[in-house]
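A.B. asks: Take this sequence and fold it.
(chains A and B)
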2 protein chains.
Amino acid sequence: MAMFMDVHHGMAGITAEQLKAAHEADLAAQGEEGVEFQQAWADPDSGTVYCLSSAPTREAVQRVHERTGHPADEVHPVPLHV
Amino acid sequence: MAMFMDVHHGMAGITAEQLKAAHEADLAAQGEEGVEFQQAWADPDSGTVYCLSSAPTREAVQRVHERTGHPADEVHPVPLHV
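C.D. replies: A predicted model of the protein is given here:
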């Protein structure tokens, strides 16, 4: 499985509860696509959310996010990590 | 300490060795600023690198990256994480 970092913009004011709810929705929906969301980080001031996942393809990551109502603005494969 | 996600653009073609060397340079330089770089991910195709750190301030993160020759294009506080 490859690793992906996806980025959501326009999430200004997101709360801890909203981030948790969105992440849990992704976890509940990911199985069908073979995606495993791992961590997510949010900057409520700039409205940016980053999600780290392992997944078979970039499209699979996006399909899960679309299904849970928050499509990503960018999905980058991140084959390198330290 | 707060958490930060910083983003570098224009790194197309970065290799695993270059990412490792850059991360190790940051680790060697971070002490003076009270920064702890934790993980980094790279997309050699789009030339994007993401670094996760805990640090006293956004400016401290940037000072370490500047000292090691790779200033970040964006440094976002990410107070929320799951």
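A.B. asks: Going by C-alpha atoms from here, please, whenever you check contacts or count neighbours.
C.D. replies: Fine.
A.B. asks: need the longest helix for chain A.
C.D. replies: Ranked by number of residues, the top helix in chain A under DSSP state H is helix A:16-29.
A.B. asks: any bit of the following helix or strand past it sitting next to chain B?
C.D. replies: Downstream of helix A:16-29, the first helix or strand assigned by DSSP states H and E is strand A:36-43. Yes. Using C-alpha under 8 Å from any C-alpha of the partner chain, we find that strand A:36-43 touches chain B at A:Gln39, A:Ala40, A:Trp41, A:Ala42, A:Asp43.
A.B. asks: The third one: neighbour count?
C.D. replies: Okay, so that is A:Trp41. A:Trp41 has 23 neighbours, counted by other C-alpha atoms under 10 Å in any protein chain shown.
A.B. asks: For it, give the beta-bridge partners.
C.D. replies: With DSSP bridges as the criterion, A:Trp41 is bridged to A:Tyr50, B:His81.
A.B. asks: Check it and give its pLDDT.
C.D. replies: Per-residue confidence for A:Trp41 comes out at a pLDDT of 98.
A.B. asks: got it, and the one 4 residues further on?
C.D. replies: The predicted structure scores A:Asp45 at 95 on the pLDDT scale.
A.B. asks: wait, isn't A:Thr68 in contact with A:Asp26?
C.D. replies: Yes. Look at A:Thr68 against A:Asp26 with C-alpha atoms under 8 Å: they come within range, at 6.4 Å.
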